[in-house]
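Student: test case, fold it:
(one chain, ligands or ions: 1)
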Amino acid sequence: MEKTRIAVFVSGGGTNLQALIDAQISGLLSHGQIVLVISSSPEAFALQRAYKNDIPCEVVSKKEYTSQESFEERILQSLDENAIDLIVLAGFMSILSESFTSRFPKRIINVHPSLIPSFCGKGYYGLRVHQAVLAAGVKITGATVHFVNEIPDGGEIIMQKAVAVRGSDTPEKLQKRVMKQAEWQILPRSVEMVCKEMVRSRTKK
Ligand code: GRF
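Tutor: Residues are numbered from 1 along each chain as shown. Next up is the predicted model:
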């Protein structure tokens, strides 16, 4: 079987990347292989996780490019060189333009730390999401894995998981629980589902 070739885009700690690596090791992710990690920052701890697991990495930092176009051209070149089939955004903090995302319909996956369509879209990232959840007083939050299109957090939903909000929560505590109970669970499962479907449709041709 020819596995789906995955590139994971990261910017920070890379715990979601780790969940994908663990899934690959345990066999939960069996129809896809992480063959490239692209980081928007040279300091991202995610890079250490990739090195440790012998996954090739590239740092493509936006501030080194004069335009969005040249930044994305550089990324496209790497994707092309590595024959990437599927992109997974796992805490990638740089915005990708519509001209980029439209090249990969249903080929870019993102994980967002809320139950979309709540607490998502422009300005909802990182701790801000969990701050907004606590300010609204909702009792249930969670995470969503979805395809990426031109609308921020607006693409087709692949999987969601709910997490209870506790009275004693701080944004930090809630963020950790959402990651552990939801993001790290549904991201690998969604990626496997999409990879399996891609393998199936390739073998049909
Ligand atoms: C996660 O909360 C993810 O939902 C969001 O960014 C965070 C990344 O964390 N898009 P990590 O780098 O995977 O640890």
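
Student: and Arg166, what does it touch?
Tutor: Arg166 makes contact with 173-174, according to C-beta atoms under 8 Å, 6 or more residues apart in numbering. (C-beta placed from N, C-alpha, C; glycine too.)

Student: for the residue of the chain found nearest the ligand, which non-adjacent residue is closest in space?
Tutor: In the chain, no residue comes nearer to the ligand than Gly91, which is 2.5 Å away by C-beta to the nearest ligand atom. Nearest in space to Gly91, with sequence neighbours left out and distances taken as C-beta to C-beta, 6 or more residues apart in numbering, is Gly12 at 5.0 Å.

Student: try Ile108
Tutor: Val148 is the one closest to Ile108 (C-beta to C-beta, 6+ apart), at 3.9 Å.

Student: can you check Gly154 too?
Tutor: Gly121 is the one closest to Gly154 (C-beta to C-beta, 6+ apart), at 7.4 Å.

Student: ok, now which ones touch the residue nearest to Ile108?
Tutor: 89, 96, 101, 104, 108-110, 155.

Student: between these, which is nearest Lys139?
Tutor: In terms of C-beta to C-beta, no member of the contacts of Val148 lies closer to Lys139 than Asn110, at 25.1 Å.

Student: ok, what's across the strand from that closest one?
Tutor: Leu89, His146 (DSSP bridges).

Student: my read: it touches Ala143, true?
Tutor: No: Asn110 lies out of contact with Ala143 (C-beta atoms under 8 Å); the separation is 10.7 Å.

Student: quick one, which of the two is more surrounded?
Tutor: Counted by other C-beta atoms under 10 Å, Asn110 and Ala143 do not tie: Ala143 has more neighbours, with 26 against 23.

Student: contacting residues around the helix or strand harbouring that one?
Tutor: Per DSSP states H and E, Ala143 falls inside strand 140-147. Residues outside strand 140-147 that contact it (C-beta under 8 Å, 6+ apart) are 106, 108-116, 118-120, 130, 133, 153, 155-165, 174, 178-179, 182-183, 186-187, 190.
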